[in-house]
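Q: okay, structure incoming, though there's no sequence with it:
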Ligand code: FES
Ligand code: FES
């Protein structure tokens with residue numbers, strides 16, 4: 001056999017089946033106070049892991065390009081767009097989704113949004129709640145400018161922004 005006509009076994013291109021079976025990334029993460037040790041595909045978006053793998057569909061998908069804020073969650077207490085992060089990057093993180101913010105009753109933020117009619121279709125609302133939760137943890141007395149700045153990454157097609165500001169001002173200092 002001519003040795004130049006046959007590639008050595010270790011350098012051959014992987015078959016299609018082998019590509020599909022590439023190993024994933026091991027992650028240990030805490031989501032809404034539940035610990036998960038699992039393996040995720042390397043390119044799986046965190047938002048898809050939350051929604052499709054764990055069934056936490058309260059986190060919405062609007063644009064999947066990091067612009068609309070519908071997918072906002074808290075990662076180690078900080079608001080993050082979960083379509084802009086891989087599930088593999090959640091290793092070692094503590095995550096809170098909209099399902100994890102309330103403990104039975106509505107949180108004061110959720111109650112204030114209802115009270116001030118800051119919800120129409122509600123598609124943006126989970127993301128808004130997460131951004132506002134982050135805001136009030138950092139700044140319990142936000143003024144109007146701080147509230148507006150905190151939600152400038154959350155797009156609301158229904159245009160409820162004015163009532164969101166009213167809602168958060170109504171609970172300023174009480175959360
Ligand atoms: S779906 Fe993530 S920012 Fe729009
Ligand atoms: S309430 Fe409809 S998108 Fe915000």
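A: Now that the structure is in, tell me what you want to look at. The structure presented is a predicted model; accordingly, all values stated were derived computationally and were not measured. Numbers count the residues shown, from 1 in each chain. Ligands and ions are numbered 1, 2, ... in the order given.
Q: need the residues that contact stretch 146-160.
A: 62, 67-70, 72, 81, 117-121, 123-124, 127-128, 131-132, 134-135, 139, 142, 161, 164-165, 168-169 (Cβ atoms under 8 Å, 6 or more residues apart in numbering). The C-beta positions use only the backbone N, C-alpha and C, and glycine is treated the same way.
Q: just the strands from this protein, written as ranges.
A: 25-31, 34-40, 72-75, 78-81, 94-96 (DSSP state E).
Q: and residue 172, what's its pLDDT?
A: Looking at residue 172, its pLDDT stands at 89.
Q: the chain - how does it break down into domains?
A: The chain is divided into the following domains under automatic domain parsing: 24-100, 108-172.
Q: my guess is residue 29 contacts residue 97. True?
A: No: judged on Cβ atoms under 8 Å, residue 29 makes no contact with residue 97 at a distance of 11.8 Å.
Q: for ligand 2, find the nearest of the strands of the chain.
A: Of all the strands of the chain, strand 72-75 sits nearest to ligand 2, with 12.6 Å by Cβ to the nearest ligand atom.
Q: the closest one vs ligand 1: in contact?
A: No: applying Cβ under 6 Å from any ligand atom, one finds strand 72-75 separated from ligand 1 by no less than 7.3 Å.
Q: what lines up beside that strand in the sheet?
A: Taking DSSP bridges as the criterion, strand 72-75 forms sheet pairs with strand 78-81 (antiparallel), strand 94-96 (antiparallel).
Q: what does it contact?
A: Against strand 72-75 from outside (Cβ under 8 Å, 6+ apart): 46, 50, 59, 79-82, 85, 90, 93-98, 126-128, 130-131, 133-134, 153-154.
Q: give me the buried subset of the residues you listed.
A: Buried residues within the contacts of strand 72-75, counting neighbours by 16 or more other Cβ atoms under 10 Å: 46, 50, 59, 79-82, 85, 90, 93, 95-98, 126-128, 130-131, 133-134, 154.
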